[in-house]
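Chemist: Got a predicted structure plus its sequence, pasted below:
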Amino acid sequence: MSGLFAFSKRYCQKYKLRLCIGFLLILASNILTLLPIPYIGKSVNTIKNLFTNFSNTSNSISLKKDIFIYTSIILIVPIIGGFVKYHMRQCIITTSRMIEFDIKNEIFSHYQKLSLSFYKNNSTGDLMNRLTEDVSFIRQYIGPGIMYFLNLVVLFFMVFMQMLRIDKILTFYVILPIPILFISIYYISVYITNKSEEVQRFQSIICSFIQETFSGVHIIKSFVSESFFQEKYRKIILKYHKKNIELAKIDTILSSVIIFLIGICHLLILFFGGKKYFKGEIKEIGTIAEFLTYINVLIFPFIILGWVVSIVERAKVSQIRISEFLKEKPDILNNNLIKTKIFGKVQFKNVSFFYYHNNSYKKNIKQEIQNHTISRISFTLMKGNTLVLTGETGSGKTTIGRLISRLYDPYQGEILVDNLSLKDHNLYDFRENIGYVPQESFLFSDSIYNNIALGCVNKVTPCEVYKAAKIAMIENDILNFKNGYETIIGERGITLSGGQKQRICIARAIIRNPKILIFDDSFSAIDQKTRKLIIHSIKIKKELKYSTIIIITHDTSYISDFDLFIVLKNGKISKIETHNIFL
């Protein structure tokens, strides 16, 4: 609980004025809730006296006047209280939404800073669930959860003081079930925590499964596997359903215990209050009515306490899940805040690297070293030169491209750019000078224009976007679409062909006029003639004339001009040639 409180406090500090106002409104609301209750007792006593002294006309008029005053107070004060309660809810709930906004932005920002290895070890569905469902539970705890809990505490204290004022002995009997209630809540909350953790874990599994299924829906349809995935989904949902039912049962038990104990309080008031009344220890019957009303005022806050306990326990689990990822540190750090000029010379000095999972880099490094992705790679690529990198599948070609882009850092050796260690360059400034076209042509569900101008929409002119599209040989295709450059493409570019997606990605890379341009098997869906034209257009473009070009490919038949040719095999250089000697 202390962890949840500390986590929430960090965000609540920003809105402490609004929360203080909310607390004052809770106080005012409860005062207005309790204010009419003594007049209910007085009304009961007055009505009794009215019927007792019905024959006394002058006294009867006075009593009727009192009843009118009491009734007016009983009717008008709750209306004012409702108005205050509305603003109390508005203040606290709105603040919780603001805090939710801050938390979501912080998590999203943190996600973007984390390295690729983090995303290899965690499913997209789980990341989404922590950003949506878990944050939602935190919001419910900070907003309605705290509001209802504080409301109950303040109201219970006020009611307790009022009942003590009226009759101390009867108050003692009334609060007898309360300790039992709190003990029950404590033990039930432990069970709720465990069940909440299971439910939230299954929510992540469901999100991951749905995300993966819809991403690969074309494969599912091609293999007529709809029924298989439907059954798989049904089994996951069934398990989730069972866990939710178990959680709902314990929530219901808690609510039932609360209602039962409140009922016991009613019985105790009637029994001991009636006994005291008939003995003459309580002079007015209205006192018992007042006691019953005080307990009735506590019914809803106590019933909602079960929901609050459930929310707090879920929020505890969510806080742990969110903090778990917020504590993650990126593997790739920016060690230099000063911008450095990039020219494009690339050097690998005995570079070795392997992909690791679940921190195996730290735990099982000796075992992993034997399975390098690349091992002791060394070469020098001068500024403005072209490198052709080829080899068998799994030989480490893509890894070299990712290392040059500093998506990963080598575990051994050193990569230098312009004679300065890549780790000593300003990370973000360096990446702005990199044009990287990955194997997977990933496009966002946005316009073609925005996909080409990705990350620099406000920095480039439409003319530059059109020019990049022309160099990538995609301009004619775009103009044939009904909305041209404003055509909205589907998620991951599903509405486009493979070749069109690749050419848009190429346009996206070259629009930045990068100093280092990397093509990672980026021409596989493009015909040979178009490949040659694209490479030729890139090399004659004025802004790219002195750029360093790295072409990673299986097929070298379309490449007729290069400065360095490297063949990889099993993560090592098996052949290296220069100046067209290889072809």
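Modeler: On my side now, so go ahead. Numbers count the residues shown, from 1 in each chain.
Chemist: My guess is L517 contacts I552. True?
Modeler: No: contact criterion Cβ atoms under 8 Å: L517 and I552 do not qualify, at 11.5 Å. Any C-beta I mention is one placed from the backbone N, CA and C, and that applies to glycine too.
Chemist: can you map out the strands along the chain?
Modeler: Ranges of strands in the chain, per DSSP state E, are 346-353, 374-381, 386-391, 412-417, 420-421, 434-437, 516-520, 548-552, 564-569, 572-578.
Chemist: who does the second one touch, helix- and strand-wise?
Modeler: Under the contact criterion of 3 or more Cβ pairs under 8 Å, 6 or more residues apart in numbering; DSSP states H and E, the helices and strands touching strand 374-381 comprise strand 346-353, helix 397-404, strand 412-417, strand 564-569, strand 572-578.
Chemist: Once you drop chain neighbours, what's closest to E290?
Modeler: Excluding the flanking residues, the one nearest E290 by Cβ to Cβ, 6 or more residues apart in numbering is G41, at 3.4 Å.
Chemist: The one you found: how many residues sit nearby?
Modeler: G41 has 22 neighbours, counted by other Cβ atoms under 10 Å.
Chemist: pLDDT wise, what is it at?
Modeler: Note for G41: predicted pLDDT of 76.
Chemist: need the contact list for it.
Modeler: 284, 286-287, 289-290, 293 (Cβ atoms under 8 Å, 6 or more residues apart in numbering).
Chemist: Quick one: those residues as TSV, columns for distance to R376, pLDDT and neighbour count too.
Modeler: Formatted as TSV, those follow (distance: Cβ to Cβ, whole Å; pLDDT from 0 to 100; neighbours: other Cβ atoms under 10 Å):
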residue	distance to R376	pLDDT	neighbour count
E284	96	78	16
G286	94	79	21
T287	92	81	19
A289	90	82	19
E290	88	82	25
T293	84	85	17
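Chemist: which one of those residues is nearest H110?
Modeler: T293 (50.9 Å; Cβ to Cβ).
Chemist: separation between L25 and T548?
Modeler: 64 Å (Cβ to Cβ, to the nearest Å).
Chemist: which outside residues touch stretch 283-300?
Modeler: 33-34, 37-38, 40-45, 48, 152, 155-156, 159, 162-163, 166-167, 170, 174, 259, 262, 265-266, 269-270, 273-274, 277, 282.
Chemist: Do you have the helices of the stretch 151-300 of the chain handy? List them.
Modeler: 168-174, 177-215, 217-222, 226-279, 286-326 (DSSP state H, counting those that start in this stretch).
Chemist: for the first one, packing partners?
Modeler: Counting contacts by 3+ Cβ pairs under 8 Å, 6+ apart, helix 168-174 packs against helix 146-166, helix 226-279, helix 286-326.
Chemist: okay, these, which one's buried deepest?
Modeler: helix 286-326 (a mean of 20; mean count of other Cβ atoms under 10 Å).
Chemist: So what's the gap between that one and the chain middle?
Modeler: 25 Å (Cα atoms, centre = their mean, to the nearest Å).
Chemist: Leaving out chain neighbours, which residue sits closest to V567?
Modeler: Nearest one to V567, counting by Cβ to Cβ, 6+ apart, is K575 at 4.0 Å.
Chemist: I'd assumed S395 was in contact with the one you found.
Modeler: No: K575 is beyond contact range of S395, at 11.7 Å (criterion: Cβ under 8 Å).
Chemist: Give me the more crowded residue out of L25 and T548.
Modeler: Each of L25 and T548 has its neighbours counted (other Cβ under 10 Å); T548 has more, 25 against 20.
Chemist: and the gap between that one and T380?
Modeler: 11 Å.
Chemist: tell me, what's touching these two both at once?
Modeler: Jointly contacting T548 and T380 under the rule Cβ under 8 Å, 6+ apart are 345-346.
Chemist: Give me the neighbour count for the spatially closest residue to D561 that is not a sequence neighbour.
Modeler: The shortest distance from D561 to any residue other than its chain neighbours is 6.7 Å, reached at T386 (Cβ to Cβ, 6+ apart). For T386, the neighbour count with other Cβ under 10 Å is 20.
Chemist: contacting residues for T386?
Modeler: 539, 548-551, 561-564.
Chemist: Separate out the buried members of the residues you listed.
Modeler: Among the contacts of T386, those scoring as buried are 548-551, 562-564 (criterion: 16 or more other Cβ atoms under 10 Å).
Chemist: Quick check: which ranges of the protein have low pLDDT?
Modeler: 1-2, 51-59, 63, 356-372, 457-458, 491-494, 579-583 (pLDDT under 70).
Chemist: So which residue is smack in the middle of it?
Modeler: The centroid of the chain falls nearest to L131 when counting by Cα atoms, centre = their mean (0.9 Å).
Chemist: Can you tell me how far the spatially closest residue to that residue that is not a sequence neighbour is from K242?
Modeler: The shortest distance from L131 to any non-neighbouring residue, by Cβ to Cβ, 6+ apart, is to I107 (5.3 Å). For I107, the distance to K242 (Cβ to Cβ) stands at 29 Å.
Chemist: what would the helices and strands packed on helix 168-174 look like in JSON lines with distance to T495?
Modeler: Below are the helices and strands packed on helix 168-174 laid out as JSON lines (distance: least, Cβ to Cβ, whole Å):
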{"stretch": "helix 146-166", "distance to T495": "47"}
{"stretch": "helix 226-279", "distance to T495": "22"}
{"stretch": "helix 286-326", "distance to T495": "33"}
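Chemist: Figure out which of the ones you listed is closest to Q90.
Modeler: helix 146-166 (10.9 Å).
Chemist: The closest one packs against which elements?
Modeler: By 3+ Cβ pairs under 8 Å, 6+ apart, helix 146-166 packs against helix 16-34, helix 57-113, helix 168-174, helix 286-326.
Chemist: what do you get if the cut-off is 7 Å, keeping everything else the same?
Modeler: helix 16-34, helix 168-174, helix 286-326 (3 or more Cβ pairs under 7 Å, 6 or more residues apart in numbering; DSSP states H and E).
Chemist: Distance to V77 for those - can I get that in TSV?
Modeler: TSV is the format used below for the helices and strands packed on helix 146-166 (distance: least, Cβ to Cβ, whole Å):
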stretch	distance to V77
helix 16-34	6
helix 168-174	24
helix 286-326	13
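Chemist: among those, which is nearest I210?
Modeler: Among the helices and strands packed on helix 146-166, helix 286-326 comes nearest to I210, with 18.8 Å by Cβ to Cβ.
Chemist: Okay, angle between the closest one and helix 57-113 too, please.
Modeler: 10 degrees (axes from the mean of the first three to the mean of the last three Cα atoms, to 10 degrees).
Chemist: how much space between I511 and T495?
Modeler: Distance from I511 to T495, by Cβ to Cβ: 21 Å.
Chemist: G145 too?
Modeler: Taken as Cβ to Cβ, the span from G145 to T495 is 44 Å.
Chemist: So which of the two has more stuff around it?
Modeler: Per other Cβ under 10 Å, whichever of G145 and T495 has more neighbours is G145, with 24 against 15.
Chemist: residues contacting the more buried one?
Modeler: 308, 311-312, 315 (Cβ atoms under 7 Å, 6 or more residues apart in numbering).
Chemist: I573 now?
Modeler: The contact partners of I573, by Cβ under 7 Å, 6+ apart, come to 377, 566.
Chemist: Quick check: beta-bridge partners of it?
Modeler: Note on I573: beta-bridge partners L568, judged by DSSP bridges.
Chemist: now do I377
Modeler: In beta-bridge terms (that is, DSSP bridges), I377 pairs with V351.
Chemist: quick one: it and F348 touch, right?
Modeler: Yes: when contacts are counted by Cβ atoms under 7 Å, I377 is listed as touching F348 (5.0 Å).
Chemist: Please tabulate the helices of the stretch 151-300 of the chain in CSV, including the columns distance to C456.
Modeler: CSV is the format used below for those (distance: least, Cβ to Cβ, whole Å):
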stretch, distance to C456
helix 168-174, 70
helix 177-215, 27
helix 217-222, 31
helix 226-279, 39
helix 286-326, 29
